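Trainee: next comes the sequence, and after it the predicted model I'd like to discuss.
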Amino acid sequence: MIILISAISGLVSAQTTSTNSGKTEKEQRKLKKIKVFKEQEEGENVFQRDFSLGGRLNTDGWSGFFELGYRKSRKIVNYFQFEISEKKSPKEDKLQAITPLGFSARPFIYGKQNNFYPVKFGVGQRYLIGGKANKNGVEVSGIYYGGISIGLLKPYYLSVNAGNDRLEDIKYDPNGPYADIFLDDASIYGAGGFGKGWGELSVIPGLHAKLGLRFDWAHFNEVVSALECGVNFEMYTKKVPIMINDYNKQFMFNAYVGLQFGKRWNKR
């Protein structure tokens, strides 16, 4: 009886120990997950890489871009950016005309001779000004950035009355046979279409620089959800002929506001 009771007691004790050990391991795993979750949600952002896509509204057009960042230190992130945008002249004014057949054509911009699309490559830094204290906080960073700009000029086509109510799509050529018609609003029946002129691109190289502030409100540090605002400066090798008149500029300055979304991670 003594031997039997001892055996049963040992078995119960072993099962209890095993059960407690299992609960302890499970609780440790749960606590570890909670800790990682809190670090991702409320801890300081120290991820080594980030990638994001975004868009901007500029005072002289629009931009779309993607960005890749590499953390240099606790407060500094180096980043590379590729951007494509469209620049518009402040003198652009859309008009509507009626074709000889009596229907409305595409709106057109009187006096415009080229669309201008800068393609930009650059490198910059984000400097942490203030981190978020909790998941509902906002991380604020100052940014400074610069690089090269490849300005693409695409001829702007108009649909005009080339005689005998015959419509023809033409671009501006000061020495061409339709130079006067291009500026005769009574002969213009609309824009020639976005697809016109892509085979006639020309290039104006330049440089650009940017200063701004970025506000990241994402609840989780591994997510990028940011608003950016600032100013942008561009310089080209010659005046950019967007309009036929003399409002064209070689130096361009604008303000912007943009949104971007992406992801952060650690390198392996």
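Mentor: Cool, the structure landed. Numbers count the residues shown, from 1 in each chain.
Trainee: quick one, strands of the stretch 51-200 of the chain?
Mentor: Remark: strands assigned in the stretch 51-200 of the chain by DSSP state E, counting those that start in this stretch are 61-71, 76-87, 94-95, 108-109, 114-130, 139-155, 157-161, 167-171, 188-191.
Trainee: ok, which of those strands comes nearest residue 201?
Mentor: Residue 201 lies closest, by Cβ to Cβ, to one member of the strands of the stretch 51-200 of the chain: strand 139-155, at 5.3 Å. All C-beta atoms are positioned from the backbone trio N, CA, C, and that covers glycine.
Trainee: for that closest one, which residues meet the burial criterion?
Mentor: By 16 or more other Cβ atoms under 10 Å, the buried positions in strand 139-155 come out as 139, 141, 143, 145, 147, 149, 151-155.
Trainee: from those, which is closest to residue 216?
Mentor: Nearest to residue 216 among these is residue 139, at 4.3 Å by Cβ to Cβ.
Trainee: hey, what's the closest one bridged with?
Mentor: Residue 139 forms beta bridges with residue 216, as assigned by DSSP bridges.
Trainee: report the contact partners of it.
Mentor: Residues in contact with residue 139 (Cβ atoms under 8 Å, 6 or more residues apart in numbering) are 45, 128, 130-132, 215-217.
Trainee: of these, buried ones?
Mentor: 45, 128, 131-132, 216.
Trainee: export those residues to CSV and tack on pLDDT and distance to residue 267?
Mentor: Shown next, in CSV, are the buried ones among the contacts of residue 139 (pLDDT from 0 to 100; distance: Cβ to Cβ, whole Å):
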residue, pLDDT, distance to residue 267
45, 77, 15
128, 94, 20
131, 83, 21
132, 79, 23
216, 94, 20
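Trainee: same list, these, but as a markdown table with distance to residue 225 please.
Mentor: Shown next, in a markdown table, are the buried ones among the contacts of residue 139 (distance: Cβ to Cβ, whole Å):
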| residue | distance to residue 225 |
| --- | --- |
| 45 | 12 |
| 128 | 17 |
| 131 | 15 |
| 132 | 12 |
| 216 | 6 |
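Trainee: nearest to residue 229, of these?
Mentor: Using Cβ to Cβ, residue 216 comes nearest to residue 229 of the buried ones among the contacts of residue 139, at 13.0 Å.
Trainee: remind me which helix or strand residue 24 belongs to.
Mentor: helix 2-42 (DSSP states H and E).
Trainee: which residues of the protein score low on pLDDT?
Mentor: Applying pLDDT under 70 to the chain flags residues 1, 3-23, 30-44, 98-104, 133.
Trainee: let me see the domain layout of it.
Mentor: Domain ranges of the chain: 1-42, 46-265, per automatic domain parsing.
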